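In: What follows is a protein structure lacking sequence information:
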C-alpha cells in the first residue's frame, strides 16, 4: 500500500523532542546551503511529519537525507514495508536526479537495546547479526528488497540518555565515582560556568579548533556555528540553543553548545582547552547542562554520541569513556538505511563513501548532518 505524502512549509513542522526534525533545524541548515523540505505522511495507521534535506553529491545529482526521522514508527516487523512505501512516494516529490534517500532512523535497534539484553554477563557485548542478515530482516515483506544499510554513520547510532526526572542528588549518585569526584573537584578549584552570548561564537570556535587538533578530527567551519545562533522569524517551535563557557579566573577552559527541544536537551558539540586539564572544566560544563536542562523542565539529557556496545574500535571510543561516567541509559538507534532510486549512481556514491572512510581512518566531526 502506498503512503499518503503531502509537502508543506518547514514552518508547519509539528514541535518534537527531536531537535533535528524541527523548523529551527531546517532553517539552520538552509542558511548553510541545504535545501530543506517538509512532508506530512500517513500509512497503515502511522502518521506524522518529517524534515528532509536534499544534498548535491555530483553535478546535477542529489541525495535526500532525513536526520533522525521519522519520529513515528510502525511495529518492528513492519519497518521495512513502511520505509519502502514512504520512500517510493517521496521519490515522486523529489527531483528526477535524486540518486537515493537516506533514512537516519531514531527508532531503537532491536539487536543491541538494553531491553534485549544489552550486554552479556561479565560485560561482554551482545551479538548483532551480520550485515546481510540485518538487511534481509529489514526487507522482509517489501516488494523490491531495496533497503540497504548505509556504509557510514551520519548521526551516531548509540547515545546515552540521562533521566532528568530524578533529583539532582540521585543523578549525581548514579555517576561513576571518578566522574562524581571530578565534578566536585572542578568546583573546588574555582571553575565557573556561565551562559555565553552569540557574540562569543568565534571564541568558542577557536577552542573547538584546539580540540580538533588535539583529538585528530576534522573541525567544522565557523559558519556552521554562527548559523546555530542566527535569528529566525518568531513562529516559535520551542527549540532553544544555548552556549556555555567554563573559565578559571579570566582563562577560558571549556565550552558546549546544547539544544533544547520539548522535553529533551541534546548535547550538540563541546570543546576544551589544552591548558589546565587538571581543573576538570569539561565535567563542570556537563553538570551545569544537567542543572540547566532540569530547571527548564526537560526529562531527558541526550549526550549524543558514544561508541556502540559491540564496537572493538570506534572514533568515539575516547569520548565515550568520558560520557559514560555520567551514568544514563545506553540507547542504540537503528541507524542509517538507504533506499536507492538510481542503482548505478547509488553504487558509485557508496563506493566513494567507503573509500573515503578508509582513507580518513576516523569519522569527521560533524555538526549533526
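Out: Yes, it's here. Since the model is a prediction, treat every value here as computed from it, not as a measurement. Numbering: from 1, shown residues only.
In: For the rest of this, base every contact and every neighbour count on C-alpha atoms.
Out: Fine.
In: Report the buried residues of stretch 77-95.
Out: 78-91 (16 or more other Cα atoms under 10 Å).
In: hmm, which two among these are most spread apart?
Out: 78 and 91 (20.0 Å; Cα to Cα).
In: Just list the residues touching residue 150, thanks.
Out: 102, 336, 337, 338 (Cα atoms under 8 Å, 6 or more residues apart in numbering).
In: The helix or strand bottoming out on mean pLDDT in the chain: how far from the chain's middle?
Out: One helix or strand of the chain scores below all others by mean pLDDT, DSSP states H and E: helix 343-360, with a mean of 82. How far helix 343-360 lies from its chain's middle: 22 Å, per Cα atoms, centre = their mean, to the nearest Å.
In: ok, now stretch 154-163?
Out: 7 Å.
In: one step back: just give me the closest of the buried residues of stretch 77-95 to residue 319.
Out: Of all the buried residues of stretch 77-95, residue 319 sits closest to residue 79, with 31.6 Å by Cα to Cα.
In: circling back: just the buried residues of stretch 77-95 now: which is nearest residue 197?
Out: Using Cα to Cα, residue 90 comes nearest to residue 197 of the buried residues of stretch 77-95, at 39.6 Å.
In: The buried residues of stretch 77-95 in helices, which ones?
Out: 79-91 (DSSP state H).
In: quick revisit: elements contacting the least confident helix or strand of the chain?
Out: Helix 343-360 sits against strand 98-108, with contacts defined as 3 or more Cα pairs under 8 Å, 6 or more residues apart in numbering; DSSP states H and E.
In: Could you tell me the angle between the strand it packs on and helix 343-360?
Out: With axes from the mean of the first three to the mean of the last three Cα atoms, to 10 degrees defining the directions, strand 98-108 sits at 60 degrees from helix 343-360.
In: how near is the most centrally placed residue in the chain to residue 36?
Out: Centroid check for the chain by Cα atoms, centre = their mean gives residue 155 as the closest residue, at 4.3 Å. Relative to residue 36, residue 155 is positioned 18 Å away (Cα to Cα, to the nearest Å).
In: what do you get for residue 299?
Out: For residue 299 relative to residue 36 (Cα to Cα), the value is 29 Å.
In: and these two? which has more neighbours close in?
Out: residue 36 (22 against 19; other Cα atoms under 10 Å).
In: Next, give phi and psi for the more buried one.
Out: When read as degrees, to the nearest 10, the backbone of residue 36 gives phi -100, psi 140.
In: quick one: contacts for it?
Out: Counted by Cα under 8 Å, 6+ apart, residue 36 has contacts 10, 26, 27, 29, 30, 51, 52, 53, 54.
In: thought residue 350 was touching residue 152?
Out: No - counting by Cα atoms under 8 Å, residue 350 sits too far from residue 152 to count as a contact (9.2 Å).
In: Tell me where the stretch 201-350 of the chain has strands.
Out: 240-248, 251-261, 264-272, 300-302, 329-340 (DSSP state E, counting those that start in this stretch).
In: which residues of the stretch 1-150 of the chain score low on pLDDT?
Out: 1-3, 113-127 (pLDDT under 70).
In: Tell me which stretches of it form helices.
Out: 23-30, 79-91, 131-139 (DSSP state H, counting those that start in this stretch).
In: Now do the last one against strand 329-340, angle only.
Out: With the same axes, to 10 degrees as the criterion, the two stretches helix 131-139 and strand 329-340 enclose an angle of 80 degrees.
In: How far does helix 131-139 sit from its chain's centre?
Out: Worked out by Cα atoms, centre = their mean, helix 131-139 lies 23 Å from the chain centre.
In: tell me what that helix is packed against?
Out: Using 3+ Cα pairs under 8 Å, 6+ apart: helix 131-139 touches helix 79-91, strand 148-149.
In: Not counting its own residues, what contacts it?
Out: 79, 80, 81, 145, 146, 147, 148, 149.
In: how about those in TSV, adding distance to residue 237?
Out: Shown next, in TSV, are the contacts of helix 131-139 (distance: Cα to Cα, whole Å):
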residue	distance to residue 237
79	28
80	30
81	31
145	37
146	35
147	32
148	33
149	32
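In: Most widely separated two among these?
Out: Across the contacts of helix 131-139 (Cα to Cα), the longest gap, 15.0 Å, separates 81 and 149.
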